[in-house]
Structures are given as structure tokens and as C-alpha cells.
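Here you go, sequence then predicted model.
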Amino acid sequence: MKIGTIDIEQPIVLAPMEDVTDPSFRRLCKRFGADVVYTEFVSSEGLVRGAAKSMRKIKVFDDERPVAIQIFGNQTEAMVEAALIAEAANPDFIDINYGCPAKQVAGRGAGSGLLCTPNLMEDITAAVVKAVKLPVTAKTRIGWDDKSISILDTVKRLENCGIQALTIHGRTRAQMFKGVANWEWIARAKEIASIPIIGNGDIWNATDVPKRFIETGVDGVMVGRGAIGNPFIFREAKYLMQTGEALPPPTHREKIDVAMTHLKMSIEWKGEKYGVLEMRRHYSSYLKGLPNVSKVREFVVRENDWRLIIERLNEFADECDKHWTDGTFDQFAETLNDHSKKWQPDYAAY
């Protein structure tokens, strides 16, 4: 997949996710093998006003490259100005959000709301591409609802505007995040596209990644919610694609250690108060499946002192060690390994 000077074969990409893909999580996912990462989506109006929260979101670091800044809005002039501000932050490329289904975004005619005004979507895209020197990409959905699947038209409109890649989430706006992502439409879009297509939607396990590459021919696969509390998915998917073999799942020690590392990185970036608060969305996924986890989870999502959280997680790791030695974990480990073997890709297709 080539975007400007970026050229990566079959990249596995971290999706932009509001309140999730801050620098601490992006850098952590890079450590585990994410090829490209995206910022949280950033309001064009916020950037134009110089809002502190929006300006903070566009901060990127060299150890997370290649990294894209994603912007959203529904006013051409503001989107152009925001793109220029984002470009000055020196990302590797700029991404336009035409996919967010949230009412406060799509309901105001931005994000996936622009699927209802395709001419305006074209105007915004063409203006942004013309205004900046960096490559411009976009992310969208297959349509507004089941009665208006517009992705094939959207592909042609956006590539004619000069974007260099398009990410497609296989749901409609009406679905939000419910139901099942429709990768058949993503495959059809790939067939007619002259630019790289990145597929997104329901990538929950390492085995999902090669499956989608083979079945749809996409140029890249984007992982969203499946990476929350599970940065290991990038390592596992890459190993599977390179060797045809599944890595064993992360041990309880590794899951807990990475959760603590993430907490420390979050505090370093956001300070103690918000670093602790915003880590709460990740603990359930990090600790999922570990024995007697409910009381630990209840503690870490309520406690405000990060030192006590670290102390409790270390204690929990010791408790898990005992379960491991007495055989309690055997069935859990077998379940994970069996799940990773449910689908075996045809590596001859590579």
C-alpha cells in the first residue's frame, strides 16, 4: 500500500477512535507491530478556534510514524484551514472523517452525515487536497442505511478529488456499531478503485486479518475496537501472516504488565487525574478471562490513585501465578488456542 512516500505491503492499521487513540495508546500499539496509526478525530472548528483540546490531539511523535491526523467538519473553508493547521503538526498524511456515526457529528452534517450531501463531500475533499502538500486520505462507511448503499459512488467521487487511499468501514451509518460489518461491499469497492483500499470492521482476532486480505483483496486491514486492551493483536496477526502459525496468547503476566505500562504512559501524557480516568475504558479488555477478576476490575475502575492501582495489579499478577501453577489456567489457555485455530488461512494465496 502506497500513500505518498509510505509504502508498506499489507499493513495492519490502528483505527482512529475518540478517547482511545491518544499518543500513549498509539505508541503502545506501534511497539506491538501496528504499521500505521491515526489520531483521534479532531474537530475542524476546534482547530480553527485554537481550542486547547483540539490542538493537543494533533501532537504526534517520531516513534509512532507513520501517523495520520484525522479531521472532521462540514464547512469547506474551516476544513481547509484545519488541514493546514494539521499539516503544520507534521504528520505523515491527513485523513478526512466521513464515517463517524455519532449523532453529535453525523446529525450535524459532518462525519458520515456527508454521505447525504455527496457534492459537499466532494467540495471539501478537493479543497483540502489542493490546499495541503501532504497526502490526503479519507475514511467512510458503505452508506447511510441499507436502502442507500453508496460506497461505489463514494469511491469514484473521492478518488477523483485526489485522495491517495480510502478506508471503508463495512457498516452503514444507521447500523452504528451494531450488526455485522459487510466486507462484500468492501471487496466490491476494491474491485473498482484505482487507489489503495483499507478494510475496517469486526477485526476481533489475529485470524481475522489474513482472512480479510485473502477474501477481499484489500490493500490494508484496520483494527478498531479489537485493539482496545489488546495491542497484542498486531503482533499475533503479523506472526500468523508471516509464518502461518498462531502465537500463543499473551500470558496473564504480560497482559497485566502491559496494562500497567499503558497506565503509566497515559499519566505521562495527560497527567495523573485524566491519565487515570481515561485508562478505565481499557482494563476490562486487558484483564478479560483472568480468574477472579471482577473484584480487581471493580477496584481499578474506581480508584483515583495510580500508585494503588499499580499495587493492586501487581498483587493480582501474583494471585494469577498461583492459579497457573495449580492448573486453573489450563482450560482458559486451551480455549484461547482453540479460538485462534478456528479459521486457517490459505497462505498459498499470498
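Ah, there it is. Bear in mind the structure is a predicted one, so any value in this text is a computation, not a measurement.

Need phi/psi at residue 316.
Main-chain torsions, residue 316, degrees, to the nearest 10: phi -60, psi -40.

Is it correct that it is in contact with residue 257?
No - in this structure, residue 316 is not within contact of residue 257 by Cβ atoms under 8 Å, at 11.3 Å. To be clear about C-beta, it is placed using only N, CA and C from the backbone, and glycine gets the same treatment.

Among the two, which residue is more densely surrounded?
For the pair residue 316 and residue 257, the greater number of neighbours falls to residue 316 (23 against 16), based on other Cβ atoms under 10 Å.

Which helix or strand contains the nearest residue to that one once chain neighbours are set aside?
Closest residue to residue 316 apart from its sequence neighbours, by Cβ to Cβ, 6 or more residues apart in numbering: residue 296 at 4.9 Å. Secondary structure assignment for residue 296, by DSSP states H and E: helix 293-300.

any idea of the mean pLDDT in that helix?
For helix 293-300, the mean per-residue pLDDT is 95.

and if you look at stretch 56-75?
For stretch 56-75, the mean per-residue pLDDT is 97.

What are the buried residues along it?
57-58, 60, 64, 66-75 (16 or more other Cβ atoms under 10 Å).

before we move on, what about stretch 5-15?
The neighbour-count check on stretch 5-15 (16+ other Cβ under 10 Å) flags 6, 8, 10, 11, 12, 13, 14, 15 as buried.

Sort out which of the residues you listed are in helices and list them.
If you go by DSSP state H, the buried residues of stretch 5-15 have nothing in helices.

Which one of these is nearest to residue 292?
For the buried residues of stretch 5-15, the minimum distance to residue 292 (Cβ to Cβ) is 31.2 Å, reached by residue 14.

Return the distance of that closest one relative to residue 238.
13 Å (Cβ to Cβ, to the nearest Å).

ok now do residue 222, which residues does it touch?
Residues near residue 222 by Cβ atoms under 8 Å, 6 or more residues apart in numbering: 13, 14, 15, 167, 198, 199, 200, 203.

now do 6 Å
Shown in contact with residue 222 (Cβ atoms under 6 Å, 6 or more residues apart in numbering): 13, 15, 167, 198, 200.

again, but for residue 143
Going by Cβ under 6 Å, 6+ apart, residue 143 touches 149, 150, 172.

Most neighbours among these, which one is it?
For these, neighbours tallied by other Cβ under 10 Å; top is residue 172, 24 neighbours.

Tell me where the stretch 251-350 of the chain has helices.
Applying DSSP state H, counting those that start in this stretch to the stretch 251-350 of the chain gives helices spanning 252-287, 293-300, 306-325, 329-340.
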